[in-house]
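In: have a look at this prediction, sequence included:
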Amino acid sequence: MPNKNLIDPSSLTEQQLIELLAAKKQTVQDNRNAYKALINSTVPHAVGKLMQLSDSLSQTKKETFAYFKDVLELKAEVFGTKDKEKTPQQSHTFSTDKYSITLGYRTNDGWDDTVHEGICKVNTFIQSLAKDESSSKLVRTIFRLLKKDAKGNLRAGRVLELSKMSDDFHNADFTDGVKIIMDAYRPVRTCWFIEAFFINDNQDKVSIPLSISAVDFPNGFEFDFLSIDASQS
């Protein structure tokens, strides 16, 4: 059945055709302008809400660490660890029968420039070991311990393994090289963190999401516009 709303171009004059095309172009431009206007109103509103959330998270983080300042001081005093530990404890966990919270800081491995002198000294010793297939395997193992990660840093855990191996060789240069590397260790603090859990009715330990990526939508809310299935429908 023909659509009565369709216009037969052959029935229009040249001027009418020009006006019709102009109207369509204007409609397209109006729609694009409306889209841009929607973006201009939506983005500031959404970002404003997120800024409020960020401020709230920052304030809550400060308050949570402040809650435990006295607790940590009392813990060190009661258990006799105050001023005795050369390396500060990076995290502390406190638990009840229903809740658990861990707070502390994370670090990345870091080294000062003397680490290269230690590596050079260790490499010189390692290369002197490669005399047959058996010793070559050992050399490759040690070299793997000195292999840097994707960011160009040594891994502290591997250096500890290297330190254990140095005790077996009883070689002054090797031992000194490993010591130079270990003395060059300068861990870099990356962030202060909080992790919290609760025990649900099934006695399962459930993590409380504290980042916007980890937290789920409220019950009943669905947003699948960006999903693969939605894009193919």
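Out: Good, I have the coordinates. Numbers count the residues shown, from 1 in each chain.
In: which other residues reach the longest strand that the chain contains?
Out: The longest strand of the chain (DSSP state E) is strand 188-199. Outside strand 188-199, the residues that touch it by Cβ atoms under 8 Å, 6 or more residues apart in numbering are 61, 64-65, 91, 97-110, 205-208, 210. Where C-beta positions appear, they are placed from N, C-alpha and C, glycine not excepted.
In: burial of L145, as a residue count?
Out: 19 (other Cβ atoms under 10 Å).
In: could you measure from it over to V122?
Out: Distance, L145 to V122, using Cβ to Cβ, to the nearest Å: 9 Å.
In: joint contacts of those two?
Out: Here L145 and V122 share the contacting residues L162, scored by Cβ under 8 Å, 6+ apart.
In: kindly calculate the angle that the biggest helix by length in the chain makes with strand 188-199.
Out: Criterion DSSP state H: the longest helix present in the chain is helix 14-67. Here helix 14-67 runs at an angle of 90 degrees relative to strand 188-199 (axes from the mean of the first three to the mean of the last three Cα atoms, to 10 degrees).
In: helix 14-67: what's the following helix or strand?
Out: helix 69-78 (DSSP states H and E).
In: show me the domain layout of this structure.
Out: Following automatic domain parsing, one finds the domains of the chain at 18-67, 87-109+190-232, 115-183.
In: check which helix or strand covers V178.
Out: Using DSSP H and E, V178 falls in helix 172-183.
In: can you spell out which helices and strands pack onto that helix?
Out: helix 115-129, helix 156-169 (3 or more Cβ pairs under 8 Å, 6 or more residues apart in numbering; DSSP states H and E).
In: would you mark the buried spots in the first one?
Out: Of the residues in helix 115-129, those scored as buried under the neighbour-count criterion (16 or more other Cβ atoms under 10 Å) are 115, 118-119, 121-122, 125-126.
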